[in-house]
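**Q** Please find the sequence and the predicted model below.
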Amino acid sequence: MNLVSAGFFIGIVGLTLIVTYIAAKRTSSASDFYTAGGGLKGWQNGFAIAGDYLSAAAFLGVSGAIALTGFDGFFFSVGYVVANLVLLYIIAEPMRNLGRYTLADMLTARFNEKRIRGVAATGTIIIVILYMIAQLVGAGALIKLLFGIEYWMAVLIVGVMMTTYVLFGGMTATSWVQIIKAGLLLFGTTLLAFLVFSKFDFNLVKMFDTVSTNYGDQYLVPGMKYTSTIDSVSMMLALVLGTSGLPHILMRFFTVKDAKTARASISWTTWITAIFFSLTIFLGFGAMHFVGFEKIIAENAAGNTAAPLLAEFLGGNILLSFICAVAFATILAVVSGLVLTGASAISHDIYGEILKDGKLTEKQQVLAARIGSISIAIVSILLALFAQSLNVSFLVSFAFCIGASANLPVILYTIYWKKFNANGAVAAMVTGLVSCLVLGALGPNIWSPTGNAIFVGEPIVNLAVPAIITIPLSFFAGYLGSILTAHKVEQAAAERVYKEIRVKAHTGVSVQDVSH
Amino acid sequence: MSQLGNKISAKRDGINFDKIDRMETFNQFVKKKNTFLFGITITFLTFYILLPVLAFTSVLQQKAVGSITWVWVYSLALFIMTIVLCTLYVKMAAKFDKAAAAVLQEYEKAGA
């Protein structure tokens, strides 16, 4: 690490610590801790959600994938962008109107049963841990590459930083770290894309022609990485529907005061992500042309350092250091959000509401939240250290698959379907979760005859992301579970609750009571 | 809406959800809103999922402008669609806010 990169690195760490210090003073209640007191503004939350989307996998992974496989890498970009619409149209506002801190809170607003909360919290913890392992393992490898630190030390540094933000600053610090990082990332990407575009005389056709003549037309159509239609459709379904089922994204809607602000948040996020992911084309093709395959692959087989290498070519050591620092901030911000979300499921849902019947004082709740944060951080760090040599990057799209299968159907049914009942809810969530885990465990990410996966052998299910099976399965289970047990549910009471849900979801009445 | 929402929430226990749920104006509003929301959602999901379906056929693999193939054009169209529908939603939602406020106002007037 040289002086310039050390400067940027220390600058980012310093800035985030100052933010945490200020946030810590404002974090005294459980609502402060989990949702920043519901006081974020639309643009702030919009940047923070965008920050959650723009993980290291999105920034480094997508630009690297475009550099190495052309259009196939761009599939992800399209998925992330369109996913905003699902959130905006059918999830964000009802979620804000019905929920409090967690997904389970929103579901139990309709079905006040501990088993619902238990299953929802379990799903959240599993998604958070899988997502976090992928981020931490990626982070460890990346920091090792960027700064030359040992893997275990890199994981430990990230682990300590994320715990510090969450422990002291709660959601306020986590959000601001996310906002700062999203701003820096957007700036850095725009700069890189501008520099690349200028080298092609600001001529889009010239850029594509260059790729075509020098590297071949196969980079401009899919097929380098994905060859099967069904595999791609399945993955794209997981991306577009999974975003609305990721607990750390859903939780962000409770950080604003009402549905109108939730709407404004996603509106911001849509613009930010649309701009960012359009720019990934320039980053990808720029790296392909100016850095070159050999150099990219020599550094990292998956192309994760394509963007930093491009920065080095375009702006020398200073730009390289800046982009590396931004990548570091990206990792920190995303894992912090995950720690907080995991803590909300452990401390609020399982400990506070299930074990203690929601009878904790404000002080006890905050203490529980902090203990929960430390526990989830320690477990994740240990798992990440253990998983160092495994190829776990598939876990990101897999987390989307679980979100789309275990969470999205139950959310939609809860808000929009009158005859839905608690048995249907449990059936939908358990089926979604279990089918993802089982099909995933039998799939090509775990089994590969050539040894590219965790075990050697023939995969039984040939879908990398089984969303195309698991999403319909979960919807079906929810439907069947509700219909078959309809006679066991006391209709009058169930209808009364649904009426309340329906009025609240559509008018936002009494949401103020829910949030404060 | 939020002002009225505040006012009503102040006496939350007094909200008669059953009564609002049975109001004709409320049901018309919800029906109109859901038709719009799910109609658009199904439309954009269809256009979206056609990308990976068509991307592997010759339809989108041909060149459109220079070396730019139709998959890129289609993807760009999906980006533009996202921005346009996002703007449309924000506009429509403002109308829905008004409709919701009118429902609550009517409920208030009728004497909660």
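**A** Alright, I've got the coordinates. The shown structure was predicted, so the numbers you read here are calculated from the model rather than taken from an experiment.
**Q** give me the number of residues near the closest residue to A:V78 other than its chain neighbours?
**A** Spatial nearest neighbour of A:V78, chain neighbours left out: B:S75 (5.1 Å); criterion: Cβ to Cβ, 6 or more residues apart in numbering or on different chains. Yep, even glycine has a C-beta here, placed from its N, CA and C like the rest. By other Cβ atoms under 10 Å in any protein chain shown, 23 other residues sit near B:S75.
**Q** contacting residues for B:S75?
**A** A:F74, A:S77, A:V78, B:L51 (Cβ atoms under 8 Å, 6 or more residues apart in numbering or on different chains).
**Q** and it, how far is that from A:V335?
**A** To A:V335, B:S75 is 30 Å away according to Cβ to Cβ, to the nearest Å.
**Q** again with B:F47
**A** From B:F47 to A:V335 the distance is 34 Å (Cβ to Cβ).
**Q** Which one's more surrounded, these two?
**A** Applying other Cβ under 10 Å to B:F47 and A:V335 shows that A:V335 carries more neighbours, namely 30 against 13.
**Q** Work out for me the element the more buried one sits within.
**A** Using DSSP states H and E, A:V335 falls within helix A:306-343.
**Q** And the strands in chain B, which stretches?
**A** B:63-65, B:68-69 (DSSP state E).
**Q** Mean confidence (pLDDT) on the shortest one, please.
**A** Spelled out, it's strand B:68-69. Throughout strand B:68-69, pLDDT has a mean value of 92.
**Q** other SSEs contacting that strand?
**A** helix A:204-215 (3 or more Cβ pairs under 8 Å, 6 or more residues apart in numbering or on different chains; DSSP states H and E).
**Q** hmm, who's touching the helix it packs on?
**A** Applying Cβ under 8 Å, 6+ apart, the contact partners of helix A:204-215 are A:70, A:196-197, A:200, A:219-220, A:282, A:285, A:288-289, B:65-68, B:72.
**Q** list the buried ones in it?
**A** Neighbour counts over helix A:204-215 (16 or more other Cβ atoms under 10 Å in any protein chain shown) mark A:M207, A:F208, A:D209, A:T210, A:V211, A:S212, A:Y215 as buried.
**Q** Taking helix A:204-215 as reference, get the angle to the helix of greatest length in chain B.
**A** The helix that spans the most residues within chain B, counting by DSSP state H, is helix B:70-109. Interaxial angle of helix B:70-109 relative to helix A:204-215 (axes from the mean of the first three to the mean of the last three Cα atoms, to 10 degrees): 130 degrees.
**Q** Can you give the distance from helix B:70-109 to the centre of its chain?
**A** Distance, stretch centre to chain centre, for helix B:70-109: 5 Å (Cα atoms, centre = their mean, to the nearest Å).
**Q** buried stuff in that helix?
**A** Buried, per 16+ other Cβ under 10 Å, within helix B:70-109: B:70-72, B:74-75, B:78-79, B:81-83, B:85-86, B:89-90, B:92-93, B:96-97, B:99-101, B:103-104, B:107.
**Q** Tell me, how many residues neighbour the closest residue to A:F168 other than its chain neighbours?
**A** Excluding the flanking residues, the one nearest A:F168 by Cβ to Cβ, 6+ apart is A:A24, at 4.2 Å. Using other Cβ under 10 Å, A:A24 has 17 neighbouring residues.
**Q** same deal with A:K225?
**A** 14.
**Q** next one: phi and psi at it?
**A** Backbone torsions for A:K225, taken as degrees, to the nearest 10, come to phi -110, psi -50.
**Q** mind checking how far it is from A:L439?
**A** Using Cβ to Cβ, A:K225 is found at 21 Å from A:L439.
**Q** can you check A:T69 too?
**A** Distance of A:T69 to A:L439, computed by Cβ to Cβ: 25 Å.
**Q** With A:F386 instead?
**A** 24 Å.
**Q** still on that earlier bit, before we move on, what SS does the residue nearest to A:F168 have?
**A** helix (DSSP: H, G, I helix; E, B strand; the rest coil).
**Q** check contacts around it.
**A** Listed by Cβ under 8 Å, 6+ apart, the contact set of A:A24 reads A:F168, A:G169, A:A173.
**Q** hang on, the first one is in a helix, isn't it?
**A** Yes: following the definition three-state DSSP, A:F168 is counted among the residues of a helix.
**Q** That one: neighbouring residues, count only.
**A** 17.
**Q** what's near enough to touch it?
**A** A:T20, A:Y21, A:A23, A:A24, A:T27.
**Q** re earlier: for the contacts of A:A24, give me TSV that also has pLDDT.
**A** Formatted as TSV, the contacts of A:A24 follow (pLDDT from 0 to 100):
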residue	pLDDT
A:F168	92
A:G169	92
A:A173	94
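**Q** Can you tell me which of those lies closest to A:L185?
**A** Nearest to A:L185 among the contacts of A:A24, counting by Cβ to Cβ, is A:A173 at 18.1 Å.
**Q** Report the secondary structure state of the closest one.
**A** Quick answer, by three-state DSSP: A:A173 is helix.
**Q** Which residues are in contact with it?
**A** Counted by Cβ under 8 Å, 6+ apart, A:A173 has contacts A:T16, A:V19, A:T20, A:A23, A:A24, A:T27, A:Y165, A:V166, A:S336.
**Q** swap the cut-off to 10 Å and go again
**A** Residues near A:A173 by Cβ atoms under 10 Å, 6 or more residues apart in numbering or on different chains: A:16-17, A:19-24, A:26-27, A:36, A:164-167, A:336, A:340.
**Q** Then A:G169?
**A** A:16-17, A:19-27, A:32-33, A:36, A:175-177, A:336, A:340.
**Q** Pull out the buried members of the residues you listed.
**A** A:16-17, A:19-20, A:23-24, A:27, A:32-33, A:36, A:175-177, A:336, A:340.
**Q** Lowest-confidence member of those residues, which is it?
**A** A:T27 (88).
**Q** pretty sure it is touching A:G170, no?
**A** Yes: judged on Cβ atoms under 10 Å, A:T27 makes contact with A:G170 at a distance of 4.3 Å.
**Q** where do the helices sit along the stretch 351-500 of chain A?
**A** A:362-386, A:394-402, A:408-416, A:422-441, A:467-484, A:491-507 (DSSP state H, counting those that start in this stretch).
**Q** by contact count, what packs against the second one?
**A** For helix A:394-402, the packing partners by 3 or more Cβ pairs under 10 Å, 6 or more residues apart in numbering or on different chains; DSSP states H and E come out as helix A:71-86, helix A:114-147, helix A:229-242, helix A:422-441, helix A:467-484.
**Q** Before I go, just wanted to say thanks for your time.
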